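Participant: Below are the sequence and a predicted model; questions follow.
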Amino acid sequence: MRVIALDLGSKRIGVAVSDLSGTIASPHSVIARSSSQRHDHTAIRRIVIEEEAEAIVIGLPLSLDGSTGPAARAVLDEAERIGTVIDVPVHLQDERLTTVAADRILREADLSASERRRFVDKVAAAVILQTWLDARRAP
C-alpha cells in the first residue's frame, strides 16, 4: 500500500511517499503554500493521483505535553478539508519533534543551513510517515 505523508506548515508543505509495500518512507517534494488552501489541496491531490496513494498521513503538531494547541487545531481543520477533496483515508500522526529530527539528519549529512532549509520539510514528512508505517507493523 503506497501512502503519502504531509507536514503542513504555514509557508510550505513537506511531502513524503512510501514504497509500494508500505515499508519505507522517502522524502518526495515541498509544496510552497499559495494564498489559496484550495490550490494547495489540488496540488496534494495531484501527487496522490500520480503516486497512486491509497492513504494520506498528516503530521499533528501536538504540544510537548500532548495537548491540542492552536497549531494542532489548525491542522485538524485542514486535515478535515483535505479529506473532503481527496478520496482516500486521512490519518493523523503525532509529529512532535519531527522537524528537530529532520534537521539533525540533515546536519549529520553535512548540509549547509541553506541546503537544510530546502530539504527539512520533506524529510520531516518522511519521519512522520516512517513512524506511522512502523507503528502499523508493530505487534
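Facilitator: That came through fine.

Participant: would you put the C-alpha positions of the worst-scoring helix or strand of the chain on mean pLDDT in CSV?
Facilitator: Counting by mean pLDDT, DSSP states H and E, the chain has its least confident helix or strand at helix 98-108, which shows a mean of 72. The C-alpha coordinates for helix 98-108 follow below in CSV (Å, rounded to 0.1, in the frame of the first residue of the first chain):
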residue,chain,number,x,y,z
THR,A,98,10.0,15.6,13.8
THR,A,99,11.4,18.9,12.4
VAL,A,100,14.1,18.7,15.0
ALA,A,101,14.9,15.1,14.0
ALA,A,102,14.8,16.0,10.3
ASP,A,103,17.2,18.9,10.9
ARG,A,104,19.6,16.6,12.9
ILE,A,105,19.5,14.1,10.0
LEU,A,106,20.4,16.8,7.5
ARG,A,107,23.2,18.2,9.8
GLU,A,108,24.7,14.7,10.0
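
Participant: I'd like to know which elements it is packed against.
Facilitator: helix 113-137 (3 or more CB pairs under 8 Å, 6 or more residues apart in numbering; DSSP states H and E). Using the backbone N, CA and C atoms, a C-beta is placed for each residue, glycine as well.

Participant: which other helices and strands contact the helix it packs on?
Facilitator: Counting by 3+ CB pairs under 8 Å, 6+ apart, helix 113-137 packs on strand 3-8, strand 12-18, strand 25-32, strand 55-60, strand 90-94, helix 98-108.

Participant: quick revisit: what angle separates the least confident helix or strand of the chain from helix 113-137?
Facilitator: 120 degrees (axes from the mean of the first three to the mean of the last three CA atoms, to 10 degrees).

Participant: How about S29, nearest residue that isn't a chain neighbour?
Facilitator: The shortest distance from S29 to any non-neighbouring residue, by CB to CB, 6 or more residues apart in numbering, is to V15 (4.8 Å).

Participant: The one you found and A25 touch, don't they?
Facilitator: No: using CB atoms under 8 Å, V15 is not in contact with A25, being 10.8 Å away.

Participant: Need the overlap of contacts for those two.
Facilitator: A5 (CB atoms under 8 Å, 6 or more residues apart in numbering).

Participant: Now do the contacts for the residue nearest to S29.
Facilitator: V15 sits in contact with 4-7, 27-31, 44, 47, 122, 125, where contact means CB under 8 Å, 6+ apart.
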